[in-house]
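have a look; sequence and predicted model below, questions after that.
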Amino acid sequence: MSQIVSLGSINVDRVVDASGVDVDTFERRYDWFPARGETVEVEAVPDEFPDEPDRVFHGGKGANQAAAAAKAGGDTRMLGKVGDDAGEFDVRGRLAEAGVDTSGVETDDSAPTGTAWVFVDDEGENRIVVRPGANTTVDWAFVREHYDTIAAADCLLLQNEIPTDPVERLLDELGTEPDRPTVVLDPAPAEGAAPLLDDAVDYVTPNESEYAALQSDLGAFDGTLVRKRGDDDVIVDDEREFTVTPPAVPVTDTTGAGDVLNGFLAARLAAGASLTRAVGTATVAGSLATRERGARNGVPTLEKARAFDGATVHEA
């Protein structure tokens with residue numbers, strides 16, 4: 001099996017049905033409150049946020065993408081940090097159930113496990129507010145400890161929910177490797193992600209809000225751009241441009257759908273699939289994931305993604 005490493009965030013998701021809260025008030029009161037499909041990071045959440053979420057799930061873009069890559073057939077290892085409350089939520093256990101090697105998940109008792117408040121509207125679209133917690137303790141010493149594992153992988157998944165400094169340094173180091181892993185970057189949240197658009201990054205996968213925020217920086221990016229656009233066509237800008245129309249499915253919750261696409265994309269590329277086939281399978285997997293609540297509950301197996309009446313590829 002191909003080896004996949006995800007270096008990134010591990011969260012506990014507190015999901016709130018947006019129909020039961022006054023989202024308009026949050027938007028007026030807090031200029032940072034996310035738009036639909038957007039993720040923002042804050043140091044603390046307002047007191048007005050509901051005391052009790054409607055549901056609690058496991059999340060974090062790094063962990064979600066690791067779980068998806070494992071379901072897609074990759075030998076996947078998660079690298080990241082959790083707080084000493086991780087056992088309460090069985091964070092490692094749930095990743096292991098998905099087939100992820102958690103030996104690189106360390107505990108830092110200086111901060112709680114990261115938390116995301118996920119507001120889901122009646123159409124299944126989400127707005128995500130992240131309090132990073134232990135994710136902020138991922139530093140160069142941690143990354144350096146695991147550097148050999150990262151450098152030996154077939155594919156490395158990165159996001160922007162851990163500090164950028166150690167990730168920038170990692171990309172600089174990987175740029176000197178004669179046989180480095182393929183690097184797939186999800187620039188979410190978009191704020192502060194521009195420095196990660198390094199020459200060592202091969203694929204960058206923004207959604208529409210991230211693409212709009214980073215458009216000028218993405219114009220100078222030399223790798224492959226994979227634009228995730230919800231239920232609209234995925235746009236792939238490589239040596240030639242092509243689009244992929246996702247299959248129509250009943251949508252319950254879009255949380256984590258982009259992470260599923262990223263995980264499947266990395267695993268299928270690492271397994272030797274063509275870019276067209278990899279994006280097609282990943283697009284189907286991301287769509288199928290929206291049928292269930294929670295970022296990981298609907299992640300399909302590779303066999304189910306392949307068996308589904310799939311995505312349609314349109315050559316430019």
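That came in fine, so what should we check first?

mind listing what's buried in stretch 244-259?
The neighbour-count check on stretch 244-259 (16 or more other Cβ atoms under 10 Å) flags 244-246, 252-259 as buried. C-beta coordinates here come from the backbone N, C-alpha and C atoms, glycine included.

what's the answer for stretch 158-166, then?
Using 16+ other Cβ under 10 Å as the test for burial, stretch 158-166 gives 158-163, 166.

which ones among these lie within helices?
Among the buried residues of stretch 158-166, the ones falling in helices (DSSP state H) are P166.

quick one: contacts for D172?
198, 200 (Cβ atoms under 8 Å, 6 or more residues apart in numbering).

okay, now the spatially closest residue to G294 that is not a sequence neighbour: neighbour count?
Spatial nearest neighbour of G294, chain neighbours left out: F57 (3.7 Å); criterion: Cβ to Cβ, 6 or more residues apart in numbering. F57 has 23 neighbouring residues, counting by other Cβ atoms under 10 Å.

who does F57 bridge with?
For F57, the beta-bridge assignment (DSSP bridges) gives partners D13.

which ones are touching it?
By Cβ under 8 Å, 6+ apart, the residues touching F57 are 12-13, 15, 255, 293-297.

nearest to T276, of the buried residues of stretch 158-166?
Checking the buried residues of stretch 158-166 against T276 with Cβ to Cβ, the nearest one is L158 at 23.1 Å.

quick check: that closest one touching V167?
Yes: counting by Cβ atoms under 8 Å, L158 does reach V167; the two are 6.1 Å apart.

overlap in contacts of the two?
Shared contacts of L158 and V167 (Cβ under 8 Å, 6+ apart): 7, 196.

export the buried residues of stretch 158-166 to JSON lines and tack on distance to A278 and pLDDT?
Below are these laid out as JSON lines (distance: Cβ to Cβ, whole Å; pLDDT from 0 to 100):
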{"residue": "L158", "distance to A278": "17", "pLDDT": "98"}
{"residue": "Q159", "distance to A278": "19", "pLDDT": "97"}
{"residue": "N160", "distance to A278": "22", "pLDDT": "96"}
{"residue": "E161", "distance to A278": "24", "pLDDT": "94"}
{"residue": "I162", "distance to A278": "25", "pLDDT": "97"}
{"residue": "P163", "distance to A278": "29", "pLDDT": "97"}
{"residue": "P166", "distance to A278": "28", "pLDDT": "98"}
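
dump the buried residues of stretch 158-166 into a markdown table; add distance to D172 as well.
As requested, the buried residues of stretch 158-166 are arranged in a markdown table below (distance: Cβ to Cβ, whole Å):
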| residue | distance to D172 |
| --- | --- |
| L158 | 13 |
| Q159 | 18 |
| N160 | 17 |
| E161 | 20 |
| I162 | 16 |
| P163 | 15 |
| P166 | 11 |
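
list the ones among the buried residues of stretch 158-166 that fall in strands.
L158 (DSSP state E).

nearest to V138, of the buried residues of stretch 158-166?
V138 lies nearest to I162 out of those, by Cβ to Cβ, at 4.4 Å.

noted, bye for now.
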